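S.K.: Give me coordinates for this.
(chains A and B)
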Amino acid sequence: MTEKTCKVLIIGGGPGGYVAAIRAGQLGLDTVLVEEAAVGGTCLNVGCIPSKALIHAAEVFAETRALAGENPFGIRAAAPEIDLARTVAWKNGIVSRLTGGVAALLRKARVRVVQGRARVVDGKTVEVAGMDGAVETIRCENLVIATGSRAQAIPTLPFGGDILSSTEVLALETVPKRLCVVGGGYIGLEIGTAMAKLGAEVTIVEAAPRLLPLYDNDLTKPVAKRLAALNVRVLTDARALGYAGGQLEVQVGETREFIAADKVLVTVGRAPNLDGFGLETLGLDRNARYLAIDGQCRTSMRGVYAIGDVTGEPMLAHRAMAQGDLVARVIAGEPVAWDKRAMPAVCFTDPEIVSVGLLPAQADGAGVAVFPFVGNGRAMTRDRDDGFVRIVFVRDTGLVLGIQAVGAGVSEMAGQFALAIEMAATLTDIAATIQAHPTQSEAVQEAALKGLGKALHI
Amino acid sequence: MTISTIRVPDVGEGVAEVEIVTWHVKPGDHVREDDLLADVMTDKATVEIPSLFAGTVVELGGAVGETLAVGGVLCRIEHAGTDASPETEPAKVIAEEPVKAVAEPVAAAASPKTAPVVAKSAASEAPAIRQTQVGSARAPRPEGAAPLASPAVRDRARRAGIDLRAVAGSGPAGRITDADLDAVFAAPPPSPAGETRRARKEGTERIPVIGLRRKIADRMALANARIPHITVVEEVDVSALEDLRAAMNERRGDKPKLTLLPFLAAALKRAFVDHPEMNAHYLDDDGVVERHNAIHLGIATMTPNGLVVPVLRHAEALGLFGAAGEIARLAEAARHGKATREELSGSTFTITSLGPLGAIATTPIINHPEVAILGVNRMAIRPMWDGSQFVPRRMMNISASFDHRVIDGWNAASFVQRLRGLLEAPALIFMEDEA
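M.R.: Below you'll find the model as predicted:
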């Protein structure tokens, strides 16, 4: 048994943990990062990045397939085929490039990365069981819990066999003929849409009355419309009861239905990884099922911090990264605190949805200005004029409270939405900012002009 | 239109250069005749320079703190007409230069009445261009509303320990801007009682050491660098002196009120009889000590601009009231910056007093090239042991510093004891005239 000491020990090398480690290293703190699998966590290895690779490949495939039929561009093409194994290999190449990059950044910041599974002994001591079984004790002055989350299982559909979580479905080497997606949140919709584009017969089973229950109907309607066009069957108010013999048993309202499915993808949410590594011995305060933290990511125990998915919703990589940067600076003694106004959220559905700040229903008495992409030249030239940009603002001051958009390619607008809200912009600020023509971003300026009662193109 | 150059006037005394202390104008300002342009300083006298013309200031000859030669360009003023030079000023002060920009000087000369109109309109526009400060910020947000600020402003506030919830925002929708933070730095709001953290302050103010302040700094540095000081502090029972002073003031009639200074002057005059080495200059560069027969007492005086030392000339020839009157006049002149060069130089010994502000003891710095200085400290009633009991006595400490190169400790101590004896039994001061 060996023993080492450090100033900062971070458990978990996902977006929160590795950013915290790099920043801590840059700030001159002696830092150890413990990761049991590969650095980059869920996001790089089995989450955000792999799913976006699959979504892109599926989009290219679907577009090419559309060209095989009658199309407005006058292009004639043969029906395409896809070798999903090669797609997955391409995706794996991207993942290894990114994780390699993270590993290099950690080295550059002089972070010691310890491969193994951590077990918390007390608030200042962690034992790491390496791959070879050797146990190493690490003593630290500051402990950062960044263990992330895992796919939530439901008792009637335990993972295994043909019941998959997002991790397994992203590693499939053949497109399932019939795929049932249980859970109509953004993960289920993103992967379900991609699989439908790749040729799977997809059914989505959602317990709530409609898809993407976190967003309002106006934002989700274009997505539902597109799913229908892709022949995706959507069951709402539906509960999956079990899976046997290639049949998913579903209760829809009063009726019971059996849906033939080769694979079942369960995406009913994610659960924080807080069990099984000794954390309970610390008796940290909880906030529902998450760790309770203050504005500087401190838990209820001095010297123990938590960041990322273990601290609750929204479980987003960019939130974890911002917390990681914050916690390193807090430990280094900088006078920083969490004061973010804007937390962008993107659904890489088809069309994409971006939401920053408050939705109209969350802002009492606020003004709402919408500009549809049917009035946007660039959207037309992409043959995708579905969707809109919407700004939620305070009526008397014009202060922007929220910006949402739904439309093809709108995920890249998330930056300007977040910037506007973080800078406390008003409608006048946005309306007075020249947007390049022809781009979809012009819709943002037009929506602001409309909010000011000065719309030009509507 | 003509641009005339105002030159640094000869202020006499063989002064070759002056230092600009204050500008009362800046380029573009409209000035009337006799409006003050600048204050310049020669040695220790400040001279105000008025404008000779009505017109617009075009150019300044230097920045505050710069030294200008007598006859050098002080500033240039554009004014109407070519015959505006007042006859009262010697011609050498003014030099006329035609304005090159005027295309037809003949036309301008032919219609002299139009020229002033042009000058006036140009001048009246000038103030309008000046930016006015934006008015006060909006009221802080309603209770509980989060402050609006960009991340950069939030970061700056946090590093300075400012709680943005207490800062009013002047930007759109009440956004707190960098300028709002500047205002907080400039005038920290009164913090409500309780746990509120005190704001840390940023930045430094750079104050150029110029004019009188630079003179004082140079003199002090010289004195401290060259003179090894020895300071003797002694306590003096001034009860009798104060009684005498009160009695004399009671029946002074329309004579000037007696302060302690005339008595000190008189006591020094007596003490110098036995200690002529104290009323002297040590010309250290020449290796000579000059003992003076005349007693010119420098009286260190605080003025709004700093310390000056007006000189009570020929104190040996002045009576108590004569000295009192002269001291009052000099102090008044010094405080208003009107003291002449002669009144500010030539002292042979210096007295420094902080009056009621004075401490228990000070260590006065000698006014180079003098060899001694007398500091007077605060007067206070203190319990004194008279051999059988404590009695309340009016006590005052005197601090005297000496140039140890030419004054030995024994001499210094005996001079201080002599002074103490005279001040404690003031009759001796005057008796010894007979003795």
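S.K.: so where's the stretch 251-400 of chain B uncertain?
M.R.: By pLDDT under 70, the low-scoring segments of the stretch 251-400 of chain B are B:355-356.
S.K.: Which residue would be the closest one in it to chain A?
M.R.: residue B:306 (40.7 Å; C-beta to the nearest C-beta). From N, CA and C alone the C-beta is placed, and that goes for glycine too.
S.K.: Residue B:269: what secondary structure?
M.R.: Look at residue B:269: counting by DSSP: H, G, I helix; E, B strand; the rest coil, its state is helix.
S.K.: Tell me which residues touch it, please.
M.R.: Counting by C-beta atoms under 8 Å, 6 or more residues apart in numbering or on different chains, residue B:269 touches B:295, B:315-316.
S.K.: one more time with 6 Å, if that's ok
M.R.: By C-beta atoms under 6 Å, 6 or more residues apart in numbering or on different chains, residue B:269 lies in contact with B:295, B:316.
S.K.: follow-up on the earlier one: burial of the residue of the stretch 251-400 of chain B closest to chain A, as a residue count?
M.R.: By other C-beta atoms under 10 Å in any protein chain shown, 13 other residues sit near residue B:306.
S.K.: Roughly how far does it sit from residue B:40?
M.R.: 16 Å (C-beta to C-beta, to the nearest Å).
S.K.: same deal with residue A:341?
M.R.: 57 Å.
S.K.: Could you check which of those two has the larger neighbour count?
M.R.: Between residue A:341 and residue B:40, counting by other C-beta under 10 Å, residue B:40 is the more crowded of the two (26 against 20).
S.K.: which ones are touching the nearest residue to that one once chain neighbours are set aside?
M.R.: Closest residue in space to residue B:40, ignoring its immediate chain neighbours: residue B:18 at 3.9 Å, by C-beta to C-beta, 6 or more residues apart in numbering or on different chains. Contact analysis of residue B:18 by C-beta under 6 Å, 6+ apart lists B:8, B:40, B:42, B:68.
S.K.: Test of understanding: give the bridge partners of whichever residue of the stretch 101-250 of chain A sits closest to chain B.
M.R.: Closest contact between the stretch 101-250 of chain A and chain B, by C-beta to the nearest C-beta, is at residue A:142 (20.8 Å). For residue A:142, the beta-bridge partners are residue A:8 (DSSP bridges).
S.K.: Count the neighbours of it for me.
M.R.: 23.
S.K.: which bits of the stretch 1-150 of chain B sit near chain A?
M.R.: B:148, B:150 (C-beta under 6 Å from any C-beta of the partner chain).
S.K.: Poorly predicted segments of chain A, please.
M.R.: A:1-2.
S.K.: center of it - which residue?
M.R.: Centroid-nearest residue in chain A, with C-alpha atoms, centre = their mean: residue A:316, separated by 5.1 Å.
S.K.: So chain B: which segments form each domain?
M.R.: Listed domain ranges for chain B are B:2-129, B:140-208, B:211-431 (source: automatic domain parsing).
S.K.: How far off centre is the last one?
M.R.: Taking C-alpha atoms, centre = their mean, to the nearest Å, the mean C-alpha location of domain B:211-431 is offset from the chain mean by 20 Å.
S.K.: Any idea what the spatially closest residue to the residue nearest to the centre of chain A that is not a sequence neighbour is bridged to?
M.R.: Spatial nearest neighbour of residue A:316, chain neighbours left out: residue A:345 (6.5 Å); criterion: C-beta to C-beta, 6+ apart. Beta-bridge pairing for residue A:345 (DSSP bridges): residue A:355.
S.K.: Compute the number of surrounding residues for residue A:345.
M.R.: There are 17 residues near residue A:345, going by other C-beta under 10 Å.
S.K.: again with residue A:169
M.R.: Neighbour count of residue A:169, defined by other C-beta under 10 Å: 26.
S.K.: tell me the contacts of it?
M.R.: Here residue A:169 is in contact with A:191, A:265 (C-beta under 6 Å, 6+ apart).
S.K.: who's in contact with the residue of the stretch 101-250 of chain A closest to chain B?
M.R.: Contacts of residue A:142 (C-beta under 6 Å, 6+ apart): A:8, A:303, A:331.
S.K.: And for residue A:14?
M.R.: Residue A:14 makes contact with A:41, A:148, according to C-beta under 6 Å, 6+ apart.
S.K.: all strands in the stretch 201-350 of chain B, in order from the N-terminus.
M.R.: B:229-237, B:280-283, B:288-291, B:297-299, B:301-303, B:306-308, B:311-312, B:349-353 (DSSP state E, counting those that start in this stretch).
S.K.: I'd like the average pLDDT over the longest one.
M.R.: Looking back up the chat, that one is strand B:229-237. The average pLDDT within strand B:229-237 is 93.
S.K.: buried set for it?
M.R.: Under the neighbour-count criterion of 16 or more other C-beta atoms under 10 Å in any protein chain shown, strand B:229-237 has B:230-237 buried.
S.K.: Please name every helix or strand in contact with that strand.
M.R.: strand B:390-403, helix B:409-424 (3 or more C-beta pairs under 6 Å, 6 or more residues apart in numbering or on different chains; DSSP states H and E).
S.K.: Quick check: chain neighbours aside, which residue is closest to the spatially most central residue of chain B?
M.R.: Nearest to the centroid of the C-alpha atoms of chain B, with distances taken as C-alpha atoms, centre = their mean, sits residue B:305, at 2.0 Å. Nearest non-adjacent residue to residue B:305, counting by C-beta to C-beta, 6+ apart: residue B:212, 4.9 Å away.
S.K.: Tell me, how many residues neighbour that neighbour?
M.R.: 20.
S.K.: gap between it and residue B:308?
M.R.: Residue B:212 is 7 Å from residue B:308, by C-beta to C-beta.
S.K.: With residue A:368 instead?
M.R.: Relative to residue B:308, residue A:368 is positioned 72 Å away (C-beta to C-beta).
S.K.: the more surrounded of these two?
M.R.: Neighbours per residue (other C-beta under 10 Å) separate residue A:368 from residue B:308, with residue B:308 holding more: 26 against 20.
S.K.: which residue packs closest to that one, ignoring adjacent ones?
M.R.: residue B:334 (4.8 Å).
S.K.: show me what contacts that neighbour?
M.R.: Applying C-beta under 6 Å, 6+ apart, the residues near residue B:334 are B:301, B:303, B:308, B:310.
S.K.: out of those residues, who's nearest residue B:380?
M.R.: Residue B:380 has its nearest neighbour among the contacts of residue B:334 in residue B:301, at 23.0 Å by C-beta to C-beta.
S.K.: wait, doesn't that closest one sit right on residue B:331?
M.R.: Yes - between residue B:301 and residue B:331 there is a contact under C-beta atoms under 6 Å: 5.3 Å.
S.K.: quick revisit: can you pull up the bridge partners for the residue nearest to residue B:40?
M.R.: residue B:68.
S.K.: Now do it against residue B:7, distance only.
M.R.: Remark: distance between residue B:18 and residue B:7 (C-beta to C-beta) = 11 Å.
S.K.: just residue A:77 next, same as before
M.R.: Counting by C-beta to C-beta, the gap from residue A:77 to residue B:7 is 90 Å.
S.K.: How about residue A:148?
M.R.: 81 Å.
S.K.: got the contact list for the residue in the stretch 151-300 of chain B that chain A sits nearest to?
M.R.: The stretch 151-300 of chain B approaches chain A most closely through residue B:173 (3.6 Å), counting by C-beta to the nearest C-beta. By C-beta under 6 Å, 6+ apart, the contact list for residue B:173 reads A:397, A:399, A:426.
S.K.: Please consider this matter closed, and thank you.
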